[in-house]
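Engineer: how would this look folded up:
(one chain, ligands or ions: 1)
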Amino acid sequence: MYLVIGANGFLGRYCIQSILEQTDENVTATARNIQNLENTGRVHWEKCDIALESEFDRLLSMIKEYDRIKVIFLAAYHNPDLVEANPSYAWDINVTALSRCLNKMPFVERLFYASTDSVYGDSIDHYHFKENDPLNPVNRYGRNKAAAEAVVRYLEFHVVRFPFLIGTSLVPGKRHFYDNIVENLTNGKTVEMFENSYRSSLHFHTAASLLIQLMEMPLREVPPILNVCGDRDLSKYDIGLLAAEKLQVPEKLIKPIKIFENDAVFKTKRAVSTVMDNTLVKKVLQVDTIEFEL
Ligand SMILES: NC(=O)c1ccc[n+]([C@@H]2O[C@H](COP(=O)([O-])OP(=O)(O)OC[C@H]3O[C@@H](n4cnc5c(N)ncnc54)[C@H](OP(=O)(O)O)[C@@H]3O)[C@@H](O)[C@H]2O)c1
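Structural biologist: Numbers count the residues shown, from 1 in each chain. Predicted coordinates:
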């Protein structure tokens, strides 16, 4: 059985879809509010706020009867601007609650934690970070994730580092940045996108699909920390052009703009570029390429 903690988010919904497509397993999916979430076929929703120990204990008492539990841990307070504005709350959720929850799960067969390229910091001259490189996050969100990774590794669970992920939201009423791009482009409106800030981006579907492939492998064949990212260094402008092509709208609707290190576009500092090396994950999965597909 899969247990997806923080399942009603962008990546969580794609993970559920991939589990259903790629395995025969049932899914227990958790969200803080399950009022409008329907149990369907192999998917069963449970309420769980990881900050509330009693709710987490209740969840564990329900799933303990299953053997071979595979956990995907996605719950996080992860908007970098909000993390910076509420540092104590962010630490409570991203590190303290995570640590308490994981410490109660020694009985699970495997657990994979969703981390981020933000733990590495800025890529100089398009350097592609490898899993063993030192971590040098430029903001508090990245530092939270680096601390969380240390907890995950201490307990001998797995870390996957994802790049910037994009795609249509599968969560009713919760729009992704990509949904706004699609709406603007289909209405003939221009969209401004950074042309000089690069990530090894992936579509949510590809990220989720690769994660489930890894989770279905014999555990000893999966390295404890893996960059799960695409082959191409893509700017948001590049992604905008691909979106325009897919939607068959004129490329000129995508306006390139530049980001500079000291820009006040974001309240909190972001790495201008963070690109990752995906040699290891391709070797593990025995694939030659990992494409970005919208
Ligand atoms: N999207 C990316 O580009 C990206 C890249 C690298 C890593 N990641 C990581 O992937 C994970 C999922 O991100 P996402 O993009 O899917 O974002 P998301 O849609 O915001 O999902 C985060 C989930 O965490 C849940 N959550 C927050 N606080 C919680 C709490 N106290 N207890 C239980 N659940 C809580 C939220 O639940 P509610 O539905 O109840 O609000 C939400 O469903 C995060 O850990 C993020 O750091 C994302």
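
Engineer: can you give me the helices for the stretch 101-250 of the chain?
Structural biologist: Taking DSSP state H, counting those that start in this stretch, the helices of the stretch 101-250 of the chain run over residues 140-154, 177-186, 204-215, 236-247.

Engineer: Show me which positions of the shortest one end up buried.
Structural biologist: Right, the one you point to is helix 177-186. 178, 181, 182, 184, 185 (16 or more other Cβ atoms under 10 Å). For every residue, glycine as well, the C-beta is placed using N, CA and C.

Engineer: pLDDT value on the last one, please?
Structural biologist: What the model reports for residue 185 is a pLDDT of 98.

Engineer: Check the first one too.
Structural biologist: Predicted confidence (pLDDT) at residue 178: the value is 98.

Engineer: residues touching it, list them.
Structural biologist: With contact taken as Cβ atoms under 8 Å, 6 or more residues apart in numbering, residue 178 is in contact with 166, 167, 168, 169, 243.

Engineer: so where's the stretch 151-294 of the chain uncertain?
Structural biologist: Applying pLDDT under 70 to the stretch 151-294 of the chain flags residues 261-265.

Engineer: For it, which residues are neighbours of the ligand?
Structural biologist: By Cβ under 6 Å from any ligand atom, the residues of the stretch 151-294 of the chain that approach the ligand are 162, 164, 165.

Engineer: Make a markdown table out of the residues you listed and add neighbour count.
Structural biologist: Shown next, in a markdown table, are these (neighbours: other Cβ atoms under 10 Å):
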| residue | neighbour count |
| --- | --- |
| 162 | 25 |
| 164 | 20 |
| 165 | 23 |
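
Engineer: if we can go back for a sec, closest to residue 62 out of the contacts of residue 178?
Structural biologist: Of all those, residue 169 has the smallest distance to residue 62: 28.3 Å, by Cβ to Cβ.

Engineer: Is it correct that the closest one is in contact with residue 181?
Structural biologist: No. Residue 169 sits out of contact with residue 181 when judged by Cβ atoms under 8 Å, with a separation of 11.9 Å.

Engineer: Take the residues of the stretch 151-294 of the chain next to the ligand and keep only those in strands.
Structural biologist: The strands, defined by DSSP state E, take in 162, 165 from those.

Engineer: Same list, the residues of the stretch 151-294 of the chain next to the ligand, but as a markdown table with distance to residue 194 please.
Structural biologist: A markdown table is the format used below for these (distance: Cβ to Cβ, whole Å):
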| residue | distance to residue 194 |
| --- | --- |
| 162 | 19 |
| 164 | 11 |
| 165 | 16 |
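
Engineer: just the residues of the stretch 151-294 of the chain next to the ligand now: which is nearest residue 143?
Structural biologist: Residue 143 has its nearest neighbour among these in residue 162, at 17.2 Å by Cβ to Cβ.

Engineer: For the stretch 1-150 of the chain, what lies in contact range of the ligand?
Structural biologist: Residues of the stretch 1-150 of the chain lying near the ligand by Cβ under 6 Å from any ligand atom: 6, 8-12, 31-33, 49-51, 74-78, 93, 114, 116.

Engineer: May I see the PyMOL selection of the buried members of those?
Structural biologist: Typed into PyMOL, the line below selects the buried ones among these, using 16+ other Cβ under 10 Å:
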select buried, resi 6+8+9+10+11+12+31+49+50+51+74+75+76+77+78+93+114+116
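
Engineer: Which of the residues of the stretch 1-150 of the chain next to the ligand fall within helices?
Structural biologist: 10, 11, 12 (DSSP state H).

Engineer: List the residues that contact residue 220.
Structural biologist: Residue 220 touches nothing, counting by Cβ under 8 Å, 6+ apart.

Engineer: Among the helices of the stretch 101-250 of the chain, pick out the one with the most neighbours on average.
Structural biologist: helix 204-215 (a mean of 23; mean count of other Cβ atoms under 10 Å).

Engineer: in stretch 93-112, what's buried?
Structural biologist: So for stretch 93-112, counting by 16+ other Cβ under 10 Å, buried means 93-99, 101-102, 105, 108, 110-112.

Engineer: Closest to residue 233 out of these?
Structural biologist: Using Cβ to Cβ, residue 112 comes nearest to residue 233 of the buried residues of stretch 93-112, at 25.1 Å.

Engineer: Fine by me, thanks again.
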